[in-house]
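Colleague: One predicted model, sequence on top.
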Amino acid sequence: MVNSERITEEFMRQAAISSPSLQEAEMAHYLENRFSEMGAEIVYDDAAGKIGGEVSNMIARFPGSKAGEPFIFSVHMDTVVPCENVEPILVDGVVRTAGETILGADDKAGIAEVIEALEVVREQEIEHVPIEVVVTIGEEIGLVGAKNLDYSLLEAKRGIALDTPGVDWLVRRAPGANRFRFEVFGQAAHAGVAPEQGLSAIEVAARAIAKMRLGRIDFETTANIGTIEGGLATNIVAEKVVLTGEARSHDADKLSEQTEHMLACFEEAADELQREIDGEPVRAVVKSEVRPDFPRMSVPENAGIVALAQQAAKRLGREMRDRLGGGGSCDANVFNENGIEMVIVGTGMQNVHSTEEEVAVEDLVKVAEFLVEVIRAA
Ligand SMILES: [Zn+2]
């Protein structure tokens, strides 16, 4: 069924094409030819003009051989840098790079898997509903292609994004933001009579905030302390302060890193301002509450698309495992916001966004096999 040589060659051919964000013209040209020769109608939207790209988002429409609700595969054609002159090599069944570059399995493994699945569907004459392959630009610089995609060009209201590491992983939810509540407890005392009997919660909170990276952290990550309240009177060393804040990121790893950082600042401040009162060590107590927020993507467990993915895996004697976030932030977030029910599925890529990036041929094959069953069941 799935041809492991063909999919490996397909992937390596794509990996060798340099396609940093907003410089995807060569990659688009290659894909346009590839999809056209497979019988797709190619359309572009007008995203390039809005965001200054070389080329716009591409939609390859494969007409259905049976009637039914159309289906989307979502992938992106850009990669992170360094991606000049990528030299993919195959060693012991694993594709890596020879040079000092990324491999670009993120997201070209996904593109190659979709292409291979469609090749098999054509060869085996498997009946299928209309399929729309959406290949976006600028995913790696804040999902700007998907955000500027012309959704009126899409008919489908459901689909799968191929854009997370590992195999047989299914991501339904991606943490776009965390909300915080910090309660700092010090020790009250009369500020004029016996300040040495007190430990100021306000001082601890202030020290923690002064240590904190806040505001714009990077192009896709922000953080804020939004409210602060506490203390009782000018002559009382403040016993309690309550702060609330948030962190947001399009990248799940960065979100958890920023979250950890903010929590750590409070603990460090409490350590630093620890003091002895009546011969006893007294340290402020910090109660940190983190509430994950999923405004960008939350597909219910009982959604049709989840059942479809499980059904496809089952036909292969496999099972899709549910993973929360963890690198699960991609174009699918934006598709869901635009009324398209979409989950993210693992492509087999590993160590993405690094020069150690790799993908095993066996995994490329496994994912392509899964996609064939998805198309059959859709
Ligand atoms: Zn990606």
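Modeller: Structure's in. What do you need? Numbering: from 1, shown residues only.
Colleague: drop to CA atoms for contacts and neighbour counts, all remaining ones
Modeller: Noted.
Colleague: In contact with Ala188: list those residues for me.
Modeller: The contact partners of Ala188, by C-alpha atoms under 8 Å, 6 or more residues apart in numbering, come to Gln197, Gly198, Leu199, Ser200, Ile236, Val237, Ala238, Glu239.
Colleague: so what's the nearest residue to it once chain neighbours are set aside up against?
Modeller: Sequence neighbours aside, Glu239 is the residue nearest to Ala188 in space, at 4.7 Å (criterion: C-alpha to C-alpha, 6 or more residues apart in numbering). If you count contacts by C-alpha under 8 Å, 6+ apart, Glu239 has them with Phe185, Gly186, Gln187, Ala188, Leu199, Ser200, Ala201, Ile202, Gly231.
Colleague: Could you measure from Glu239 over to Leu263?
Modeller: 20 Å (C-alpha to C-alpha, to the nearest Å).
Colleague: what about the chain, any weak spots by pLDDT?
Modeller: In the predicted model, the chain carries pLDDT under 70 at residues 175, 293-296, 324-329.
Colleague: where does it come near the ion, residue by residue?
Modeller: Asp106, Asp107, Asp163 (C-alpha under 5 Å from the ion).
Colleague: Sort out which residues of the helix or strand containing the first one are buried, please.
Modeller: Asp106 belongs to helix 105-123 when elements are defined using DSSP states H and E. By neighbour count on 16 or more other C-alpha atoms under 10 Å, the buried set for helix 105-123 is 105-121.
Colleague: sorry, back to before: looking at the contacts of Ala188, spot the one nearest Val86.
Modeller: Ser200 (56.6 Å; C-alpha to C-alpha).
Colleague: Would you mind listing the residues in contact with the one residue in the stretch 151-300 of the chain that gets nearest to the ion?
Modeller: Per C-alpha to the ion, the residue of the stretch 151-300 of the chain with the smallest distance to the ion is Asp163, at 4.9 Å. By C-alpha under 8 Å, 6+ apart, the contact list for Asp163 reads Val75, Asp106, Asp107, Gly110, Gly328, Cys330, Ile344, Val345, Gly346, Thr347.
Colleague: Just say helix, strand or coil for it.
Modeller: Using DSSP: H, G, I helix; E, B strand; the rest coil, the secondary structure recorded for Asp163 is strand.
Colleague: same thing with Ala269?
Modeller: Note that with three-state DSSP, the state of Ala269 is helix.
Colleague: which residues in the protein form helices?
Modeller: Applying DSSP state H to the chain gives helices spanning 4-15, 25-37, 47-51, 105-123, 144-147, 201-211, 252-272, 304-315, 331-337, 361-377.
Colleague: The stretch 151-300 of the chain: strands as residue ranges?
Modeller: Ranges of strands in the stretch 151-300 of the chain, per DSSP state E, counting those that start in this stretch, are 158-164, 169-171, 173-174, 177-185, 215-218, 221-230, 240-249, 275-277, 280-282, 285-293, 297-298.
Colleague: so what secondary structure elements neighbour the second one?
Modeller: So that's strand 169-171. strand 321-323, strand 341-346 (3 or more C-alpha pairs under 8 Å, 6 or more residues apart in numbering; DSSP states H and E).
Colleague: can I get the ones you listed in a markdown table with mean neighbour count and distance to Arg173?
Modeller: Below are the helices and strands packed on strand 169-171 laid out as a markdown table (neighbours: other C-alpha atoms under 10 Å; distance: least, C-alpha to C-alpha, whole Å):
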| stretch | mean neighbour count | distance to Arg173 |
| --- | --- | --- |
| strand 321-323 | 15 | 8 |
| strand 341-346 | 27 | 8 |
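Colleague: can you put those strands in JSON lines and add distance to Phe180?
Modeller: Output for the helices and strands packed on strand 169-171, formatted as JSON lines (distance: least, C-alpha to C-alpha, whole Å):
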{"stretch": "strand 321-323", "distance to Phe180": "23"}
{"stretch": "strand 341-346", "distance to Phe180": "27"}
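Colleague: Quick one, which of those gets closest to Leu22.
Modeller: strand 341-346 (22.9 Å).
Colleague: Direction included, what does that closest one pair against?
Modeller: As defined by DSSP bridges, the strand partners of strand 341-346 come to strand 158-164 (parallel), strand 169-171 (antiparallel).
Colleague: Of the ones you listed, flag the one that's most buried.
Modeller: strand 158-164 (a mean of 26; mean count of other C-alpha atoms under 10 Å).
Colleague: quick one, which of the strands paired with strand 341-346 is nearest to Val2?
Modeller: Across the strands paired with strand 341-346, closest to Val2 is strand 158-164 (C-alpha to C-alpha), at 17.3 Å.
Colleague: Any idea how far that closest one is from the middle of the chain?
Modeller: 11 Å (C-alpha atoms, centre = their mean, to the nearest Å).
Colleague: same thing with stretch 219-229?
Modeller: 21 Å.
Colleague: which other residues reach that stretch?
Modeller: 141-142, 213-217, 241-251, 254-255, 258.
Colleague: how close does Ala105 get to Ala307?
Modeller: In terms of C-alpha to C-alpha, Ala105 sits 27 Å off from Ala307.
Colleague: cool, and Leu103?
Modeller: Taking C-alpha to C-alpha, one finds Leu103 at 33 Å from Ala307.
Colleague: out of those two, which sits in the more crowded spot?
Modeller: Between Leu103 and Ala307, counting by other C-alpha atoms under 10 Å, Leu103 is the more crowded of the two (38 against 12).
Colleague: For that one, give me its contacts.
Modeller: Contacts of Leu103 (C-alpha under 8 Å, 6+ apart): Ala15, Cys83, Val86, Glu87, Pro88, Arg96, Thr97, Thr355, Glu356, Glu357, Glu358.
Colleague: same thing with Ala206?
Modeller: By C-alpha under 8 Å, 6+ apart, Ala206 has no neighbours at all.
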